[in-house]
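Enquirer: Structure, please.
(chains A and B)
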Amino acid sequence: MKMSHMFGTTLRQAPAEAEIASHQLLVRAGFIRQLGAGIYSLMPMGKRSITKIENIMRAEINAIGGQELFMPVVHPADLWKETGRWFQIGDEMSRFHDRKDHDMVLAMTHEEVVADLARRDIQSYKQLPMLVYHIQTKWRDDPRPRAGLIRVREFTMKDSYSLDADEAGLDEQYRAHYQAYFNIFHRCGLPVISVGADVGMMGGSMAHEYMYLTSAGEDTLLICDQCNYRANRQIARFKKPAPKEEKAGEMEKVSTPDIPTIEALANFLKIPKAKTAKAFFVIGKFSEGVKETERLVFAIIRGDMEVNETKLANAVQAKEIRPAHEEEIAAIGAVPGYASPIGIKGAWVVVDDLIPVSPNLAAGANETGYHYVNVNYGRDYQADIVADIALAEEGFECPNCSAPLRASRGVEVGNIFKLGTRYSASLGANYLDENGKEHPIVMGSYGIGSGRLLACVAEEHHDDKGLTWPMSVAPFDVHLVALRGGEQEAEKLNANLRAAGLEVLFDDREETPGVKFNDADLIGLPIRITVSERSLKEGGVELKLRRETEKRTVRIDKVVEEISGSKNKLLAEINEKVVTIPFEE
RNA sequence: CGGGGUGUAGCGCAGCCUGGUAGCGCACCGCGUUUGGGACGCGGUGGUCGUCGGUUCAAAUCCGACCACCCCGACCA
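Expert: As a prediction, the model looks like this:
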């Protein structure tokens, strides 16, 4: 490709709104352009890199038996009504009407369509297992897109779907993906870790997320460096402290004027926060078929901990939860700031599992200005649900080995879900077993966003001058810079390199050397060769790798061979480095 | 949806307070000089100042409404 004719220019300054490196550099180097909030065009170079990423994904998924197909981005809503997600998913899914006034949706994922295909085309256990995938546009109307390509509304995803006769088959395909995903990320030059994850709107029994660790990430992970326990904070467990046993004291009401917070209460009573109980009110939303109901959840946790809202929502099996308004709290007779379940009738009480073993806590008296001391679970109040609803924090103990947990930020670049029969059962995607008995197909789904992956690779591979692409995802292999006196040789070299199967970005522009070198550093192709009067005088062309500072001269007749060699070496280095974190439940 | 911020040329910004018909740097076009790390000179192109409405003889500037985008939170596979 001749740079003089390439669509998309490099920019000296990034748009003011670009804050993180990958966003700034991808815009400045001319890989992407923004059309709207969370909506981007891929420029020719961006498209080339994405294509490379997608071909790596194809290769790895094909290797575990995947068959590529292509499913629509516009779906009739009926299908989504059948699985219930039409009712469960909120504004994140965009809906519209076609000219006949039918409800339609923009696809945010394709479980429904795969299950629909399966119910039409799969009848027998002999057709299973099966693995299909596609690379398609998804639309998710995220309330807050940000950080360039990291979090967008329209994006392309490679999503695979496994179809199996039973759980054992699903497990096998799940594990195959578990490894294939590590291969994909490492072939793209991106270090990732896998973490246990919440199943979220997908439903199902098990999920892992692949995380690229970076401060630009918006997920928080808890990691144990000793035993390798790793989990998204949304579900992270930890070993709770064992409270000292104490004889239950007599519950007593004490005056605590103007003390509505745990902090103030602990100070006032001169007790640690661990000796207090905190009330937390949320409104849970539940769907029963088509109907949606709301219910107040009265959660109790020890004062030294925070509530994990994902765990709480899972404990009560709510579709979503939101903080309760003061009137909603007051409606059950509780007093915000001084609330506890003591003396409250008819509330739905969830307590953290640390509460029943923590004796003699201070808790609200449901009367402004008063708390109880020596409150004991079981004696003074009961719960409807006892569950782990506490948020893991850095320094808390690992649930497996008790070493202190470390917190890290990360970007979710891929995820895998064991869906089970949630979609097949609701859509009637069944097969007949050896005995002619009908069963729902057991499904899994597995996704990687290609644009987000590209952004993470850019985030990982850059320096103060620009991008430093791994060979496997660089838009071109070689940046060929023609300087004064080297134009004609460069033209010939461009043709020869291309004839040898190399991808060349040929800077044939009439620019000063400084501009060309700076653009080459910004774009960040792994190999740069410079042809000029000077290099010719020195015996050929100058070769420099982007990540190194040394330059060396290569004879003209050896250039093609040298570049091919360098390319293969750079590719081999990436493939050598595959690191896998062993599969864990 | 709550809080904060920004909208003036492709990008970065000034002008707004104190109203008088728009400017700087980069980029872009032409000519000339220059040519191994973001050259220089001369001459140019390009903007209904986010939109709509109001005040005024006159609005980028003052007032109001709306829209868009960014950041934090809520939210999110």
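Enquirer: give me the low-pLDDT residue ranges for chain A?
Expert: A:199-204, A:287-291, A:577-579, A:584-585 (pLDDT under 70).
Enquirer: show me the biggest strand of it in terms of residues.
Expert: The strand that spans the most residues within chain A, counting by DSSP state E, is strand A:406-420.
Enquirer: Check which residues of that one are buried.
Expert: Residues of strand A:406-420 classed as buried by neighbour count (16 or more other Cβ atoms under 10 Å): A:408, A:410, A:411, A:412, A:413, A:414, A:415, A:416, A:417, A:418, A:419, A:420. In this view, the C-beta of every residue, glycine as well, is placed from N, C-alpha and C.
Enquirer: what's that strand packed up against?
Expert: Helices and strands touching strand A:406-420, by 3 or more Cβ pairs under 8 Å, 6 or more residues apart in numbering; DSSP states H and E, are helix A:167-187, strand A:206-213, strand A:219-223, strand A:442-449, helix A:450-460.
Enquirer: just checking, what packs against whatever helix or strand comes next after that strand?
Expert: Downstream of strand A:406-420, the first helix or strand assigned by DSSP states H and E is helix A:422-427. With contacts defined as 3+ Cβ pairs under 8 Å, 6+ apart, the packing partners of helix A:422-427 are helix A:77-83, helix A:111-121, strand A:442-449.
Enquirer: Please identify the most buried of those.
Expert: Ranked by mean neighbour count, those are led by strand A:442-449 with a mean of 25 (mean count of other Cβ atoms under 10 Å).
Enquirer: just the angle between it and helix A:450-460, please?
Expert: 50 degrees (axes from the mean of the first three to the mean of the last three Cα atoms, to 10 degrees).
Enquirer: Determine which of the helices and strands packed on helix A:422-427 approaches residue A:33 most closely.
Expert: Closest to residue A:33 of these, according to Cβ to Cβ: strand A:442-449, at 18.6 Å.
Enquirer: what about the closest one, near RNA strand B?
Expert: Yes. For strand A:442-449 and RNA strand B, the contact criterion (Cβ under 7 Å from any atom of the strand) is met by A:447, A:449.
Enquirer: What strands flank that strand, and is each parallel or antiparallel?
Expert: strand A:154-164 (antiparallel), strand A:406-420 (antiparallel) (DSSP bridges).
Enquirer: Can you report phi and psi for residue A:294?
Expert: In terms of degrees, to the nearest 10, the main-chain angles of residue A:294 are phi -120, psi 150.
Enquirer: Let me see the contact set for it.
Expert: Going by Cβ atoms under 8 Å, 6 or more residues apart in numbering, residue A:294 touches A:283, A:284, A:285, A:286.
Enquirer: circling back: could the helices and strands packed on strand A:406-420 be laid out in a markdown table, adding distance to residue A:260?
Expert: Converted to a markdown table, the helices and strands packed on strand A:406-420 look like this (distance: least, Cβ to Cβ, whole Å):
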| stretch | distance to residue A:260 |
| --- | --- |
| helix A:167-187 | 48 |
| strand A:206-213 | 38 |
| strand A:219-223 | 28 |
| strand A:442-449 | 44 |
| helix A:450-460 | 42 |
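Enquirer: These: which one's closest to residue A:537?
Expert: Between these, helix A:450-460 lies closest to residue A:537; by Cβ to Cβ that is 37.1 Å.
Enquirer: Pull the number of nearby residues for residue A:14.
Expert: 17 (other Cβ atoms under 10 Å).
Enquirer: Would you check that it makes contact with residue A:21?
Expert: No. The criterion here is Cβ atoms under 8 Å, and residue A:14 misses it with residue A:21 at 9.6 Å.
Enquirer: Please identify the helix or strand for the residue in chain A positioned nearest to RNA strand B.
Expert: Relative to RNA strand B, the nearest point of chain A is residue A:514 (2.5 Å; Cβ to the nearest atom of the strand). Counting by DSSP H and E, the element that carries residue A:514 is helix A:513-523.
Enquirer: Next, the buried residues of that helix.
Expert: Applying 16+ other Cβ under 10 Å to helix A:513-523 flags A:516, A:517, A:518, A:519, A:520, A:521, A:522, A:523 as buried.
Enquirer: what separates the most centrally placed residue in chain A from residue A:218, distance-wise?
Expert: Centroid-nearest residue in chain A: residue A:412, 2.2 Å away (criterion: Cα atoms, centre = their mean). Using Cβ to Cβ, to the nearest Å, residue A:412 is found at 9 Å from residue A:218.
Enquirer: circling back: which ones are touching the residue nearest to the centre of chain A?
Expert: A:209, A:210, A:211, A:217, A:219.
Enquirer: Quick one: those residues as JSON lines, columns for distance to residue A:448 too.
Expert: Formatted as JSON lines, the contacts of residue A:412 follow (distance: Cβ to Cβ, whole Å):
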{"residue": "A:209", "distance to residue A:448": "11"}
{"residue": "A:210", "distance to residue A:448": "8"}
{"residue": "A:211", "distance to residue A:448": "13"}
{"residue": "A:217", "distance to residue A:448": "16"}
{"residue": "A:219", "distance to residue A:448": "16"}
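Enquirer: Please list which of these are also close to RNA strand B.
Expert: Okay, of the contacts of residue A:412 touching RNA strand B (Cβ under 7 Å from any atom of the strand), that's A:209, A:219.
Enquirer: out of the contacts of residue A:412, who has the most neighbours?
Expert: residue A:211 (27 neighbours).
Enquirer: which residues in the stretch 1-150 of chain A form helices?
Expert: A:21-28, A:44-63, A:77-83, A:85-88, A:111-121 (DSSP state H, counting those that start in this stretch).
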